[in-house]
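> Requesting a structural model of the entry that follows:
(2 chains)
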Protein chains: 2
Amino acid sequence: METIQNIGKRAKAATLDAAQLSLETRNQILKMMAAAITEKSDVIIAANRQDLALATNLAAPMVKRLTLDEATIQSIADSLLAVAQLPDPLAGPYETWENHVKLKIVKKIVPLGVVAMVYEARPNVTVDAAALTLKSGNAVILRGGKEAIASNTALAAILRDVLEQRHLNPDMIQLITDTSHDSVNQLLHMREYVDVLIPRGSGHFIDFVVANATVPVIETGAGNTHIFVDASADQDEAINIIHNAKTQKPAVCNAAEKLLIHADIADEFLPKITGRLRAAHVELRGDEASRAIESDLTPASELDWDTEYNDLIMGVRIVSGIDEAIEWVNRHTTHHSETIISEDAENVAKFMNDVDAAVVYRNASSRFTDGFEFGFGAEIGISTQKLHARGPMGLKALTTIKYEVFGDGQIRD
Amino acid sequence: METIQNIGKRAKAATLDAAQLSLETRNQILKMMAAAITEKSDVIIAANRQDLALATNLAAPMVKRLTLDEATIQSIADSLLAVAQLPDPLAGPYETWENHVKLKIVKKIVPLGVVAMVYEARPNVTVDAAALTLKSGNAVILRGGKEAIASNTALAAILRDVLEQRHLNPDMIQLITDTSHDSVNQLLHMREYVDVLIPRGSGHFIDFVVANATVPVIETGAGNTHIFVDASADQDEAINIIHNAKTQKPAVCNAAEKLLIHADIADEFLPKITGRLRAAHVELRGDEASRAIESDLTPASELDWDTEYNDLIMGVRIVSGIDEAIEWVNRHTTHHSETIISEDAENVAKFMNDVDAAVVYRNASSRFTDGFEFGFGAEIGISTQKLHARGPMGLKALTTIKYEVFGDGQIRD
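Numbers count the residues shown, from 1 in each chain, chains lettered A, B, ... in the order given. Presented below is the predicted three-dimensional model:
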């Protein structure tokens, strides 16, 4: 098996090739890849069956994410075509100016170089990540979960074949087939070759990456998201929003996990919302004050307040008002998406200003934190950090800048 | 002595105060700080004398950087006034749009939060960093070198006094007076409180920070910068540029360290440039090919090619042409500033495209890599990384974005 170091070295060597591709060539390649994926769906399905045969210990939702059939393969091919339609993230016009000694400075947009993606058992990420990094002129190193290794190997081979057919360097797209923990560890420390590493997976895994990586990382995804229902809230609207944010897709990072209710309306509002959520099979875990109103709520433990359930469970807490709500959210947020439901403009402004999160909502479901819903046409992940990219990341997050300075002999006094 | 954890906690608490200051207030504070620094110059000089009395083991350039007198104090005050004149990095207009379900999305510019600066024996950095972080609405934690501890303590007290006079939270500006290595180590791991850490100092120190920090870091400053003299170069212009980039201020990161000469002109050009550099007391260390032309060059060791001298020393190497030059630079660059001297448009384009550095120059001195020379009006450092900020960093590098989303009940289908 090839060493991880060698994969890194070949990726770095491929960055110049990737950065030089014209927009037309990049889009043609994406379309050829879509056609190749469709054409070879039987090969992909056969490989996927090998993975599924070994997936006897996986939970049902994981098996669902892992499974590929004609329909999911078609949607993978469609997403390649969609990326081909997106505008060029490297296109100008670039900011250009002359400095005080007539140096012409051009702030150019350039690819990051080598992007490494570490993810779990979703084979579609292999193709999505390759498509977005190629479109933005980067080379990519993919390290998917061992549960999907046969599927990922088949998909990566198809993508690389297309590059070879075009007489291009196939190392623009590489898959690490060594699924040991050691291969991830090596990737986390390969500063010479990796320009950015994007981890996708559990909060636990992302924390591990952030704590251990020496390569630059973009932290994605953990979402212990709150909804604060202010005293002034339109309560019917609040119920619809909470129901949607909690139950529409509970396993994802932008689903709501905690509900804070203003004490002034708790007696009236809590029974209404618990009724609606219980009808949707949501388990509610309450603090003492909420259990004084609804005695049959499960008691919440201290641990609950920092737990991202990704499941039909919700923590409920009564707060004295906007200040306590903001203070509580800032103490427990994972800086992803936070919501206020309120008709009071002053409280809304305060919440939106003072809550430290990538996305803050007034009177809407946090399920909209998503590159497609934001209109970016693509999503490489949702950044919960503040440097480089924050919130849903489109193709621009895979670029950086470079200053090109043109002189005719200028020296500094 | 206050614990570092507690300093972090107080800084985080001060972020809301700092972010709420109007531009007018921030500028007034900066002007009051300038006045206070001027007024208390005797206190500052007395504190600085304590530092200097203990500085018996420091090298002369370090002592020079440490020394404060009326003139340097005036220039510190002037730089506060200059920051007050700069445009607001938090000002709009913000990008705003409606998505497909009429959610109004505002991409707001906001402060990073808590900025930590770790630096060496330059007391002016204490004031510069405080000024730039305040102007951009951040709280700052300053950790200067132990050689400047009395000066830094005096300066920080003056700045905090101004905040207290205005009845503002003085914890927007905090100095860590614990000058042990442990205080830096704690700072590197305080993810709960530190939004970004900017290290300034030797390449060795910055490498240590990058390898050990779990807080987000912006890597600054290391500069093993090259100049490639192409066969087509205007040789007189080349000599002026090399002389300027090497000798005008050899101790700084944008000074040239290595000279690559096209083989076709080496016989003619090398004697001319060595003559000019020797007259400026530059020690030249050459590869075998250059020593075959100029036998009295010091032989360069393998180590030389990756060393940032920050001194009147320069490595010299003959290369076969543009491809070898680019390949060599990309292998040894610290990604700071790289220069081609050439009249060949194709080679210039190739060098500028393919060399992986924050700033690439054609026919100019790399000494222009500087926030002021670029026209940014300020400089918090020079980023040699690709994420968030690259090259000279002005006030914008101390900001991030936040999405504010306004709905009226939207839920996701």
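> Quick one: name the residues of the stretch 51-200 of chain A near chain B.
A:97, A:99, A:100, A:101, A:103, A:105, A:112, A:113, A:191, A:195, A:196 (Cβ under 8 Å from any Cβ of the partner chain). (C-beta placed from N, C-alpha, C; glycine too.)
> Put the buried members of these into a ChimeraX selection.
This is how ChimeraX selects the buried members of those, with burial counted by 16 or more other Cβ atoms under 10 Å in any protein chain shown:
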select /A:99,103,105,112,113,195,196
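> Give me the subset of the residues of the stretch 51-200 of chain A next to chain B that lies in strands.
Counting by DSSP state E, the part of these found in strands is A:97, A:105, A:196.
> which one in the residues of the stretch 51-200 of chain A next to chain B is the model shakiest on?
Here the lowest pLDDT out of these sits on residue A:191, with 92.
> Return the residues in contact with that one.
A:214, A:215, B:210 (Cβ atoms under 8 Å, 6 or more residues apart in numbering or on different chains).
> 7 Å instead?
Residues in contact with residue A:191 (Cβ atoms under 7 Å, 6 or more residues apart in numbering or on different chains) are A:214, A:215.
> And for residue A:197?
A:116, A:118, A:187, A:188, A:213, A:215, A:217.
> same check, this time on residue A:358
Residue A:358 touches A:335, A:336, A:337, A:383, A:384, A:390, A:391, B:402, B:403, counting by Cβ under 7 Å, 6+ apart.
> And the residue of the stretch 201-350 of chain A that's closest to chain B?
Per Cβ to the nearest Cβ, residue A:244 is where the stretch 201-350 of chain A lies closest to chain B, at 3.6 Å.
> Nearest residue to that residue in space, please, no chain neighbours.
residue B:411 (3.6 Å; Cβ to Cβ, 6 or more residues apart in numbering or on different chains).
> Tell me which residues are up against the top strand by length along chain A.
Longest strand in chain A by number of residues, with DSSP E as the criterion: strand A:399-410. Identification of contacts with strand A:399-410 by Cβ under 7 Å, 6+ apart yields A:89-90, A:101, A:103-112, A:136, B:237, B:240-241, B:352, B:358-365, B:368, B:386, B:390-391.
> Go ahead and confirm residue A:112 touches residue A:196.
Yes. Residue A:112 is in contact with residue A:196 according to Cβ atoms under 7 Å; the separation is 5.3 Å.
> Looking at residue A:146 now. What's its pLDDT?
pLDDT, residue A:146: 93.
> ok, and the closest non-adjacent residue to it?
residue A:179 (3.5 Å).
> Next, count neighbours for residue A:186.
Using other Cβ atoms under 10 Å in any protein chain shown, residue A:186 is surrounded by 19 other residues.
> And it, how far from residue A:382?
Going from residue A:186 to residue A:382 by Cβ to Cβ, to the nearest Å gives 26 Å.
> got it, and residue A:324?
For residue A:324, the distance to residue A:382 equals 27 Å [Cβ to Cβ].
> of these two, who's got more company?
Neighbours were counted for residue A:324 and for residue A:382 using other Cβ under 10 Å; residue A:382 has more, 27 against 16.
> helices or strands next to the host helix or strand of the more buried one in the packing?
Here residue A:382 sits within strand A:381-383, counting by DSSP states H and E. Under the contact criterion of 3 or more Cβ pairs under 7 Å, 6 or more residues apart in numbering or on different chains; DSSP states H and E, strand A:381-383 touches strand A:391-393.
> Partner strands of the strand it packs on, with direction?
strand A:381-383 (antiparallel) (DSSP bridges).
> For burial, what's the neighbour tally of residue A:220?
As a burial measure, residue A:220 scores 22 neighbours (other Cβ under 10 Å).
> With residue A:193 instead?
There are 23 residues near residue A:193, going by other Cβ under 10 Å.
> so where does the closest residue in space to it that isn't next to it in sequence fall, helix or strand?
Leaving aside its sequence neighbours, residue A:193 sits nearest to residue A:8 (Cβ to Cβ, 6+ apart; 3.2 Å). Using DSSP H and E, the element containing residue A:8 is helix A:4-20.
> next helix or strand past that helix?
Under the assignment DSSP H and E, the closest C-terminal helix or strand after helix A:4-20 is helix A:23-39.
> Please name every helix or strand in contact with that next one.
So helix A:23-39, by 3+ Cβ pairs under 7 Å, 6+ apart, packs with helix A:70-85, helix A:123-135, helix A:149-165.
> would you turn the ones you listed into a markdown table with mean neighbour count?
Formatted as a markdown table, the helices and strands packed on helix A:23-39 follow (neighbours: other Cβ atoms under 10 Å in any protein chain shown):
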| stretch | mean neighbour count |
| --- | --- |
| helix A:70-85 | 17 |
| helix A:123-135 | 26 |
| helix A:149-165 | 21 |
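> now these as TSV including mean pLDDT?
Putting the helices and strands packed on helix A:23-39 into TSV (pLDDT from 0 to 100) gives the following:
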stretch	mean pLDDT
helix A:70-85	96
helix A:123-135	96
helix A:149-165	98
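> Mind putting those into CSV with distance to residue A:341?
What follows is the helices and strands packed on helix A:23-39, written out as CSV (distance: least, Cβ to Cβ, whole Å):
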stretch, distance to residue A:341
helix A:70-85, 33
helix A:123-135, 33
helix A:149-165, 42
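> was I right about residue A:395 contacting residue A:135?
Yes. Proximity of residue A:395 to residue A:135 meets the contact threshold set by Cβ under 7 Å, at 6.0 Å.
> quick one: common contacting residues for the two?
Here residue A:395 and residue A:135 have residue A:86 as joint contacts, going by Cβ under 7 Å, 6+ apart.
> burial measure for residue A:318, as a count.
A count of nearby residues for residue A:318, using other Cβ under 10 Å, gives 24.
> which stretch of helix or strand covers it?
Counting by DSSP H and E, residue A:318 is part of strand A:313-319.
> Chain neighbours aside, what residue packs nearest to the most centrally placed residue in chain A?
Residue closest to the mean C-alpha point of chain A, counted by Cα atoms, centre = their mean, is residue A:381 at 2.0 Å. Excluding its sequence neighbours, the residue lying closest to residue A:381 (Cβ to Cβ, 6+ apart) is residue A:220, at 3.8 Å.
> list the contacts for that neighbour?
With contact taken as Cβ under 7 Å, 6+ apart, residue A:220 is in contact with A:198, A:199, A:200, A:206, A:381, A:382, A:383, A:384.
> again with residue A:375
B:97, B:99.
> swap in residue A:348?
Residue A:348 touches A:340, A:342, A:362, counting by Cβ under 7 Å, 6+ apart.
> ok, now with 10 Å
By Cβ atoms under 10 Å, 6 or more residues apart in numbering or on different chains, the contact set of residue A:348 is A:230, A:232, A:322, A:340, A:341, A:342, A:360, A:361, A:362, A:363, B:404, B:406.
> Got the phi and psi for the second one?
Summarising the backbone geometry of residue A:232 under the convention degrees, to the nearest 10, its torsions are phi -90, psi 0.
> From what I see, it and residue A:362 are in contact.
No. When contacts are counted by Cβ atoms under 10 Å, residue A:232 is not listed as touching residue A:362 (11.7 Å).
> which residues are in contact with both of the two?
With Cβ under 10 Å, 6+ apart as the test, residue A:232 and residue A:362 both reach A:341, A:342, A:343, A:345, A:347, A:348.
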